[in-house]
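>>> could you work out the structure for the sequence below:
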Amino acid sequence: MRLALFQPDIPQNTGTLLRLGACLDLPIDIIEPCGFLFNEKAMKRAGMDYLDFASYRRHDSWEDFLKFRADNPQEYGRIVLMTTHATQPYTDFCFQENDIILMGRESAGVPEAVHQMADARLTIPMNPNARSINMAISAALAVGEALRQTRWCK
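Below is the predicted model of the structure:
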């Protein structure tokens, strides 16, 4: 299981998810460009001392990420996009151990081409009057369910 962040905008969300990854032994892929300066000082501020325990890989672009995925098929499986533009709830999906949970950019999600190439598109059911849930919280919900299915309930 992996978590991938597509061009994240908010360093605090990225730091929070790096901390989550460190605590759950979950690798994180960061697909650039980021909407902020990604450096050790900024990430240490957001992820605190957990950054030293986080396993993460930075990719220069979506294309770079796809190439790395193709070169590492054992680690990088299906792309499971979390999006408000889906109808299937994440709780009704059967996750696999090498799935990549892809989170879109906080300000814009992912481009249509990325949306269309995802192997699955999942949503978090929520109040129809609400616009969206914070990206880091959404990722934590999806990761929790995915790990429950693949790691914790064996």
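>>> off-centre distance for the host helix or strand of Ala22?
According to DSSP states H and E, Ala22 maps onto helix 11-24. Taking the mean of its C-alpha atoms, helix 11-24 sits 10 Å from the chain's own mean (CA atoms, centre = their mean, to the nearest Å).
>>> what's in contact with that helix?
For helix 11-24, the surrounding residues in contact (CB atoms under 8 Å, 6 or more residues apart in numbering) are 3, 5, 8, 26-28, 30, 34, 36, 38, 42-43, 45-48, 50-56, 103, 106, 134-136, 139-140, 143, 147. All C-beta atoms are positioned from the backbone trio N, CA, C, and that covers glycine.
>>> what's the first helix or strand after it?
strand 28-31.
>>> that following strand - contacts with which helices or strands?
Helices and strands touching strand 28-31, by 3 or more CB pairs under 8 Å, 6 or more residues apart in numbering; DSSP states H and E, are strand 2-6, helix 11-24, strand 56-59, helix 62-71.
>>> return the most buried member of those.
Among the helices and strands packed on strand 28-31, the stretch with the highest mean neighbour count (mean count of other CB atoms under 10 Å) is strand 2-6, at a mean of 24.
>>> just want the angle from that strand to helix 11-24.
Orientation check (axes from the mean of the first three to the mean of the last three CA atoms, to 10 degrees): strand 2-6 against helix 11-24 gives 170 degrees.
>>> confidence score at the residue lying farthest from the centre of the chain?
The C-alpha centroid of the chain is most remote from Asn129, which lies 24.7 Å away (CA atoms, centre = their mean). Asn129 is assigned a predicted lDDT (pLDDT) of 94.
>>> can I assume it sits in a strand?
No: counting by DSSP: H, G, I helix; E, B strand; the rest coil, one finds Asn129 to be coil, located in no strand.
>>> so what's it up against?
Applying CB under 8 Å, 6+ apart, no residues qualify as near Asn129.
>>> point out where this protein drops to low pLDDT.
Low-confidence segments of the chain, defined by pLDDT under 70: 39-48, 154.
>>> about what we covered before: distance to Asp92 added to the helices and strands packed on strand 28-31, as CSV?
Below are the helices and strands packed on strand 28-31 laid out as CSV (distance: least, CB to CB, whole Å):
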stretch, distance to Asp92
strand 2-6, 20
helix 11-24, 22
strand 56-59, 29
helix 62-71, 25
